[in-house]
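Participant: any chance you could fold what I've pasted below:
(one chain, ligands or ions: 1)
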Amino acid sequence: MHELSLIQSIIDIIREERVKHGMNRVVRVRVVNGALSGAVSDALSFGWECLTQDGELKGVALEIVDMPLKVACGSCGLAFEPEDKHYMPCPACQEILGHDIQSGKELYIDEIEADV
Ligand SMILES: [Zn+2]
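Facilitator: Below is the predicted model:
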């Protein structure tokens, strides 16, 4: 499962950050998952549960924020959120091609909350 290795890298980053900032105990982690990131949020949650059953992150809540796809029309520049990832007609000028993706590809750790 692709998401399992993503979660593994997220856990590695959390460990590094924890040491770097001298965090005592991590209580909550928030991850932003874009609609086009290629990762399924449910699978990320499942991967997190699997990989944090033991050790320092045991019982830590993972919050996943789904980031919608946002594009700017390639013709008129209007920013909009297409309902479909493959067919995205501009609501203003009906242009289908050449849109600029503004957000939705990202997958990153937004916040690590810890007891200091
Ligand atoms: Zn347009």
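
Participant: so what's the residue located most distally from the centre of the chain closest to, chain neighbours aside?
Facilitator: The C-alpha centroid of the chain is most remote from residue 93, which lies 30.5 Å away (CA atoms, centre = their mean). Among residues not flanking residue 93 along the chain, residue 76 sits closest, at 4.5 Å (CB to CB, 6 or more residues apart in numbering). For every residue, glycine as well, the C-beta is placed using N, CA and C.

Participant: residue ranges for the helices of the chain, please.
Facilitator: 2-20, 41-51 (DSSP state H).

Participant: of these, which is nearest residue 61?
Facilitator: Checking those against residue 61 by CB to CB gives helix 41-51 as the closest, at 9.1 Å.

Participant: and the angle from that closest one to helix 2-20?
Facilitator: 60 degrees (axes from the mean of the first three to the mean of the last three CA atoms, to 10 degrees).

Participant: give the buried residues for helix 41-51.
Facilitator: 44, 45, 47, 48 (16 or more other CB atoms under 10 Å).

Participant: ok, stretch 77-96 next?
Facilitator: So, applying 16+ other CB under 10 Å, buried residues of stretch 77-96: 80, 82, 88, 89, 90.

Participant: so what's the spatially most central residue of the chain bridging to?
Facilitator: The chain has residue 33 as the residue nearest its centroid, 1.9 Å off, counting by CA atoms, centre = their mean. Beta bridges link residue 33 to residue 66, residue 107 when assigned by DSSP bridges.
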